[in-house]
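> give me a 3D structure for the following:
(one chain, ligands or ions: 1)
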Amino acid sequence: MIEFRSVSYAFDDVPVLGELSLTIDDGEFVLLAGANGSGKTTLLRHCNGLLTPDTGQVLVDETSVADDLIAARSSVGMVFQHPRDQFVSATVGADVAFGPENLGLERTEIDRRVEAALEAVNMAGRDDERIDALSGGEQSRVAIAGALAMEPTHLVLDEPFTGLDEPARRSVLARLEALSADGTGVLLATHDLRDVLGLADRVIAMRDGQVAVDGPPEDALGELEGLEVRVPDR
Ligand SMILES: Nc1ncnc2c1ncn2[C@@H]1O[C@H](COP(=O)(O)OP(=O)(O)OP(=O)(O)O)[C@@H](O)[C@H]1O
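Numbers count the residues shown, from 1 in each chain. Next up is the predicted model:
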């Protein structure tokens with residue numbers, strides 16, 4: 001479970017999150033929608049302690065993120081909007097292996113995870129390629145593979161489909177669907193609900209650092225007007 005308890009956060013005295021409270025249950029597939037600047041990325045970055053609340057608390061599996069960063073980072077896999085910020089190795093395979101290596105897993109288990117994660121993003125067999133020679137979309141796929149290889153309890157993704165071509169998008173969506181069915185919690189920020197709505201248990205939409213809409217997709221859809229969220233054609 002990921003829990004926000006009355007979390008406020010400001011950048012240089014400009015309030016971005018205002019006493020936001022939210023609980024995301026294990027295994028839930030949650031879409032986080034809202035206009036540019038509504039606070040989605042800021043909220044997500046609290047899930048593994050990249051940002052710390054000014055007031056309030058974020059808990060992962062009932063442990064405060066601020067009190068146990070390592071626990072939060074082991075159970076919450078993050079995929080950022082700008083994957084270049086996320087790479088630690090020069091080649092694809094080494095980068096995807098980095099997280100599992102830090103968990104101290106056996107080599108065979110690391111290799112299995114790397115292979116499965118690259119397969120999931122349509123990058124199988126490209127382990128030895130240099131990341132800086134990949135396209136932006138391919139780099140996004142490597143970043144997603146890196147999070148998948150951690151096999152986290154909660155997966156948090158910030159606009160993960162930006163720059164992905166259709167086959168890669170379909171492949172990542174299928175993988176997210178399978179992970180969710182197996183009990184991984186997914187929290188996915190997007191302002192385009194068209195491809196993902198069918199997978200979601202719940203849609204949260206933000207406005208000005210607050211939760212403006214929160215409910216099952218069929219209820220939330222009717223309440224998104226004016227929040228700059230792209231919805232499927234009826
Ligand atoms: N590092 C920063 N320094 C100062 N202000 C910031 C910083 N990061 C974000 N902000 C501000 O915080 C507000 C919320 O930004 P945030 O990135 O969380 O929104 P978002 O909903 O994710 O938007 P987008 O859809 O454009 O990614 C914006 O007004 C933004 O300008």
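> off-centre distance for the helix or strand of the chain with the lowest mean pLDDT?
Within the chain, no helix or strand scores below helix 166-181, which has a mean of 86 by mean pLDDT, DSSP states H and E. The chain centroid and the centroid of helix 166-181 are separated by 13 Å under CA atoms, centre = their mean, to the nearest Å.
> any idea of the mean pLDDT in the helix or strand just after it?
Next helix or strand after helix 166-181 toward the C-terminus (DSSP states H and E): strand 185-189. Summarised as a single mean, pLDDT over strand 185-189 is 95.
> list the buried residues of strand 185-189.
185-189 (16 or more other CB atoms under 10 Å). Every residue, glycine included, has its C-beta placed from N, CA and C.
> who touches that strand?
Residues outside strand 185-189 that contact it (CB atoms under 8 Å, 6 or more residues apart in numbering) are 2, 24-33, 40-41, 44, 47, 153-160, 176, 179-180, 196, 199.
> which ones among these come in contact with the ligand?
Filtering these for proximity to the ligand (criterion: CB under 6 Å from any ligand atom) leaves 40-41.
> could you turn the buried ones of the contacts of strand 185-189 into a PyMOL selection?
Listed next is the PyMOL selection for buried residues among the contacts of strand 185-189, using 16+ other CB under 10 Å:
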select buried, resi 2+24+27+28+29+30+31+32+33+40+41+44+47+153+154+155+156+157+158+159+160+176+179+180+196+199
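> which bits of this protein sit near the ligand?
Checking the chain against the ligand by CB under 6 Å from any ligand atom, the hits are 11-12, 16, 34, 36-42, 191.
> can you pull out the strands in this structure?
2-11, 14-24, 29-34, 55-60, 63-64, 76-79, 154-158, 185-189, 202-207, 210-215 (DSSP state E).
> quick one on the thing from earlier: got the CA coordinates for the least confident helix or strand of the chain in CSV?
Presented in CSV, the C-alpha positions along helix 166-181 are these (Å, rounded to 0.1, in the frame of the first residue of the first chain):
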residue,chain,number,x,y,z
GLU,A,166,3.1,1.4,-31.5
PRO,A,167,4.7,-2.1,-31.1
ALA,A,168,6.7,-1.0,-28.0
ARG,A,169,3.6,0.7,-26.5
ARG,A,170,1.5,-2.4,-27.0
SER,A,171,4.3,-4.6,-25.5
VAL,A,172,4.7,-2.4,-22.4
LEU,A,173,0.9,-2.2,-22.0
ALA,A,174,0.6,-6.0,-22.2
ARG,A,175,3.4,-6.4,-19.6
LEU,A,176,1.8,-3.9,-17.3
GLU,A,177,-1.5,-5.8,-17.6
ALA,A,178,0.2,-9.1,-16.8
LEU,A,179,2.0,-7.6,-13.8
SER,A,180,-1.1,-6.1,-12.5
ALA,A,181,-3.0,-9.4,-12.8
